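# Got a predicted structure plus its sequence, pasted below:
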Amino acid sequence: MSDLIPTLAADGQILAEVNGCLGLITLNRPQALNALSLAMIRDLTTLLRHWAAAPQIQAVAVLGAGREGKAPAFCAGGDIRFFHQAAHAGDPALEDFFTEEYRLNHLIHHYPKPYIALMDGVVMGGGMGISQGAKLRVLSEHSKLAMPETGIGLFPDVGGGYFLAQCPGHVGEWLALTGQAIAAGDAIEWGLGDVFVRAAQWPALVEELRHGAQPSAEHVVATVMERADLAPAADPKAAAERIDRHFGEPTLAGILDSLAAAGDDWAHQTHALLQTRSPTMMAVTLELVRRGRKLGLADDLRLERDLVHHCFHMRGAARSETVEGIRALAVDKDHAPRWSPACVADIDAAEVAAFFVSPWTKDQHPLRDLA
């Protein structure tokens, strides 16, 4: 058994166990809503590669550790305070973080064995990156899925340009620009989840995965599916019609003008929300999702790697929209980011275009070998 669990370095932030044919991973950083550190990304990669090569392991499941008396969280994203510190310090580990995280995302999408993501509670940013490539994405009534990166002057990365672009109509643009959290019913309807299991069933499900007989991958999947239920009623089609009406506009300014002219509460609230986001990074985000519809995953991740490099380096840390957004949300916590420019009308189209020019030649790109 011990040879099935390699040495892990993340100081207990990743827990690994084997039950029969199942490798079970627990994200164990509950005080930070299981947000991913670089050490956790490295341990996840080590484990998944080790288990991919181990004949005894036929399936893998990943879940987030809970906090007593608190709402569950699968994974709330990446460690944004680390991003802020590393950007100001010129720490090369910042570049390593994104290169290795995107490699992990690619590994999960192409994993050779069933990979099951138990997405109970908050699933945001990096949490979406380690779950959207799963063969089985399991949700509960506590699940809240979001790509909230525009709120910190970033863009929906970890493959977001790929998987959001696969959503029907213009739902991807809406999710990417607003960072709106969605529940299980909408997530399943829009292709971001597969199976709903009621929260009351989760303790028994996890117990069965952890300690019940798991002789085959088929049995692991059946353990989940026998508890599957109908997701709580939602009206995603009506929501999608409303989203398409506004977010199908060809430009960012057109989307905002359409929302402003609509007059209903939803449009008013959505317009007000977008006014709090970085205009430049909304423009980058809109272009990413629309390009993403024509890109495979590997090419999308390479493009995202270009974009995230520019987020921290194009203007330098002192003027980075991303560093400023993290400062406002997680460092000073004044929730008053000073975006530059502050309004969509003043976006520099040449700067937005420059985000999409790779800083590397094709043979020097850090993700050049992704297939």
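On my side now, so go ahead.
# From now on I want contacts and neighbour counts done on CA atoms only, so please keep to that.
Noted.
# Show me the strands in the chain, by range?
14-19, 22-27, 59-64, 73-75, 115-119, 122-124, 136-139, 144-146, 195-196 (DSSP state E).
# remind me which residues of this structure are low pLDDT?
1-2, 234-236 (pLDDT under 70).
# and the strands of the chain, which is most packed in?
Neighbour counts (mean count of other C-alpha atoms under 10 Å) averaged over each of the strands of the chain peak at strand 73-75, with a mean of 30.
# For it, name the packing helices and strands.
strand 59-64, strand 115-119, strand 122-124, helix 126-129 (3 or more C-alpha pairs under 8 Å, 6 or more residues apart in numbering; DSSP states H and E).
# To P148, which of the ones you listed lies closest?
Smallest distance to P148 across the helices and strands packed on strand 73-75 (C-alpha to C-alpha): 7.0 Å, for strand 122-124.
# which residues are in contact with that closest one?
With contacts defined as C-alpha atoms under 8 Å, 6 or more residues apart in numbering, strand 122-124 is touched by 33, 72-77, 142-148.
# Kindly reformat those as TSV and extend each row with distance to I182.
As requested, the contacts of strand 122-124 are arranged in TSV below (distance: C-alpha to C-alpha, whole Å):
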residue	distance to I182
L33	18
P72	16
A73	14
F74	15
C75	15
A76	14
G77	16
H142	10
S143	8
K144	6
L145	5
A146	7
M147	10
P148	11
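# of the helices and strands packed on strand 73-75, which approaches A87 most closely?
helix 126-129 (18.5 Å).
# what about the closest one, distance to the chain center?
Its chain's average C-alpha position is 3 Å from that of helix 126-129, according to C-alpha atoms, centre = their mean, to the nearest Å.
# Which strands or helices does that helix pack on?
Against helix 126-129 (3+ C-alpha pairs under 8 Å, 6+ apart) you get strand 73-75.
# can you list contacts of the strand it packs on?
So strand 73-75 is contacted by 27, 30, 33-36, 63-66, 118-124, 126-128 (C-alpha under 8 Å, 6+ apart).
# cutoff 7 Å now
Here strand 73-75 makes contact (C-alpha atoms under 7 Å, 6 or more residues apart in numbering) with 33-35, 63-64, 66, 119-124, 127.
# How about stretch 294-313?
87, 99, 102, 157, 159, 161-162, 292, 320, 322, 355-356, 358-359, 367, 370-371.
# now with 8 Å?
Outside stretch 294-313, the residues within contact range by C-alpha under 8 Å, 6+ apart are 87, 95, 98-99, 102, 106, 154, 157-159, 161-162, 292, 320-323, 355-359, 365, 367-368, 370-371.
# Also stretch 21-28?
In contact with stretch 21-28 (C-alpha under 8 Å, 6+ apart) are residues 12-18, 34, 51, 56-65, 74-75, 209-210, 214-217, 220.
# What is the neighbour count of A204?
12 (other C-alpha atoms under 10 Å).
# The one 5 residues further on too?
Residue crowding around L209 was assessed by other C-alpha under 10 Å; the count is 23.
# so it touches T223, yeah?
Yes. Contact criterion C-alpha atoms under 8 Å: L209 and T223 qualify, at 7.3 Å.
# number of nearby residues for S358?
Neighbour tally, S358, other C-alpha under 10 Å: 17.
# OK, contacts around it?
L303, D306, L307.
# Give me the buried entries from the residues you listed.
By neighbour count, with 16 or more other C-alpha atoms under 10 Å, these hold L303, D306, L307 as buried.
# Which positions within stretch 105-113 qualify as buried?
N105, H106, L107, I108, H109, Y111, K113.
# The first one touches G127, doesn't it?
It stands for N105. No. Counting by C-alpha under 8 Å, N105 stays clear of G127, with 10.1 Å between them.
# if we can go back for a sec, ok, which pair from the contacts of strand 73-75 is furthest apart?
Pairwise over the contacts of strand 73-75, using C-alpha to C-alpha, the maximum falls at G66 and M124, 15.9 Å.
# Name the residues that touch stretch 258-269?
Outside stretch 258-269, the residues that reach it (C-alpha under 8 Å, 6+ apart) are H246, E249, T270, H271.
# out of these, what pair is the most spread apart?
Going by C-alpha to C-alpha, the pair spanning the contacts of stretch 258-269 furthest: E249 and T270, at 14.7 Å.
# Enumerate the positions of stretch 279-296 that are buried.
279-290, 292-293, 295.
# Report the distance from that stretch to the chain centre.
15 Å.
# before we move on, what about stretch 247-262?
Counting by C-alpha atoms, centre = their mean, stretch 247-262 comes out at 25 Å from the chain centroid.
# Who are the contact partners of H211?
Counting by C-alpha under 8 Å, 6+ apart, the residues that H211 touches are N19.
# From G64, how far out is it?
The gap separating H211 from G64 is 17 Å, by C-alpha to C-alpha, to the nearest Å.
# Kindly report the same for A73.
Separation of A73 from G64 (C-alpha to C-alpha): 6 Å.
# Kindly report the same for D3.
Applying C-alpha to C-alpha to D3 and G64 gives a distance of 24 Å.
# just to revisit the earlier point, from the contacts of strand 73-75, pick the one nearest R42.
Within the contacts of strand 73-75, proximity to R42 (C-alpha to C-alpha) peaks at A35, which comes in at 13.6 Å.
# For that closest one, grab the count of nearby residues.
For A35, the count of nearby residues is 26 (other C-alpha under 10 Å).
# Hmm, it is touching A65, no?
No. Applying C-alpha under 8 Å as the test, A35 and A65 come out as separate, 11.0 Å apart.
# Overlap of the contact sets of those two?
Contacts common to A35 and A65, judged by C-alpha under 8 Å, 6+ apart, are R29.
# what's near enough to touch the closest residue to L8 other than its chain neighbours?
Closest residue to L8 apart from its sequence neighbours, by C-alpha to C-alpha, 6 or more residues apart in numbering: D43 at 5.6 Å. When contacts are counted by C-alpha under 8 Å, 6+ apart, D43 touches L8, A9, A10, I14.
# Understood, closing this out.
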